[in-house]
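In: Starting from these lines, generate the structure:
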Amino acid sequence: MNKARKIRLSALALLTLGGNTLAHAYIVNIAAANPQAVYLRVGDGSITGGNYNAGGTPALNATVNDVTVTVPANVVGNGVAQVMATTARLTSDLDGFVFCNAGEVYVGGFYRRPDNTNSNGTLTVVAPMTLSNGAQTIPMSQISWTSRGNGDTGAQPILAGSFTGGSQVLASNFQHNTWRESCLAFRYANQNLVASGTYQARVTYTLTAP
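Out: Take a look at the predicted model:
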């Protein structure tokens with residue numbers, strides 16, 4: 001009996017540390033403040049005391065969101081890309097704006113300094129080489145994403161792309177004292193004829209600052 005294949009991608013956000021806002025946008029200036037800090041949210045996240053532009057404080061959130069698609073048996077490996085989706089929160093922690101559409105993954109946050117000394121953070125993602133069901137594998141390069149946001153125009157601060165396995169830079173100019181955010185929509189290329197099962201991998205997003 002033919003069975004469907006389920007592809008699951010889990011996302012995990014990590015933070016590494018080395019206001020007033022303008023109108024809502026995907027890049028917004030925030031006030032310099034002490035202490036120096038970075039905040040990164042991937043999918044769900046937590047903030048206390050209201051949105052950031054109303055004095056809220058980002059908080060730790062241990063949730064790891066799944067991005068999944070179930071590929072029907074009769075189309076497995078036919079090269080027609082399959083839309084992946086998640087149930088993660090859609091609103092921005094900057095101002096509560098519904099920035100993402102259903103199924104997309106919110107990725108955003110800030111690098112904040114106590115002054116305006118020129119300094120940029122870097123956003124990276126680390127992925128394994130393959131997704132695995134324990135017996136067979138699918139190359140991670142079969143998963144790609146587009147980048148957008150409701151109300152946006154112009155280029156996104158977080159680049160579109162596809163996983164290559166290993167570490168990839170998504171934003172090398174995560175400028176200090178700015179809030180940056182994008183919504184990522186994932187796709188599975190469906191170019192491999194593989195056995196039924198649930199294929200899984202976990203990727204880790206990290207924002208680092210000097």
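In: Could you use CA atoms for every contact and neighbour count after this?
Out: Fine.
In: Skip the chain neighbours and tell me the closest residue to residue 101.
Out: Sequence neighbours aside, residue 90 is the residue nearest to residue 101 in space, at 6.5 Å (criterion: CA to CA, 6 or more residues apart in numbering).
In: for the one you found, what are its contacts?
Out: 43, 98-102, 104-106 (CA atoms under 8 Å, 6 or more residues apart in numbering).
In: any idea how far residue 65 is from it?
Out: Per CA to CA, to the nearest Å, residue 90 is found 13 Å from residue 65.
In: Overlap of the contact sets of these two?
Out: With CA under 8 Å, 6+ apart as the test, residue 90 and residue 65 both reach residue 43.
In: Buried subset of the contacts of residue 90, written for PyMOL?
Out: Command for PyMOL, covering only those of the contacts of residue 90 found buried under the criterion 16 or more other CA atoms under 10 Å:
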select buried, resi 43+99+100+101+104+105+106
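In: Go through the contacts of residue 90 and name the one nearest residue 51.
Out: Nearest to residue 51 among the contacts of residue 90: residue 98, at 12.6 Å, using CA to CA.
In: May I ask you to confirm that the closest one is in contact with residue 106?
Out: No. Using CA atoms under 8 Å, residue 98 makes no contact with residue 106, being 10.2 Å away.
In: which residues are common contacts for the two?
Out: Joint contacts of residue 98 and residue 106 (CA under 8 Å, 6+ apart) are 90, 92.
In: any idea whether the spatially most central residue of the chain is helix, strand or coil?
Out: For the chain, residue 107 is the residue whose C-alpha lies nearest the centre (CA atoms, centre = their mean; 3.9 Å). Following DSSP: H, G, I helix; E, B strand; the rest coil, we place residue 107 in the strand state.
In: Please tell me how far the closest residue to it other than its chain neighbours sits from residue 104.
Out: Of all residues not flanking residue 107 in the chain, residue 42 sits nearest, at 4.6 Å (CA to CA, 6+ apart). Between residue 42 and residue 104 the distance is 11 Å, computed by CA to CA.
In: picking that back up, the contacts of residue 90 in strands, which ones?
Out: Within the contacts of residue 90, residues falling in strands by DSSP state E are 105-106.
In: Specify which member of the contacts of residue 90 is nearest to residue 27.
Out: residue 99 (12.4 Å).
In: Name the nearest residue to the closest one, ignoring sequence neighbours.
Out: Nearest to residue 99 is residue 150, by CA to CA, 6+ apart, at 5.0 Å.
In: May I see the buried residues of stretch 34-45?
Out: So stretch 34-45, judged by 16+ other CA under 10 Å, has buried residues 36-45.
In: Stretch 192-203 now?
Out: Within stretch 192-203, the residues that count as buried by 16+ other CA under 10 Å are 195-203.
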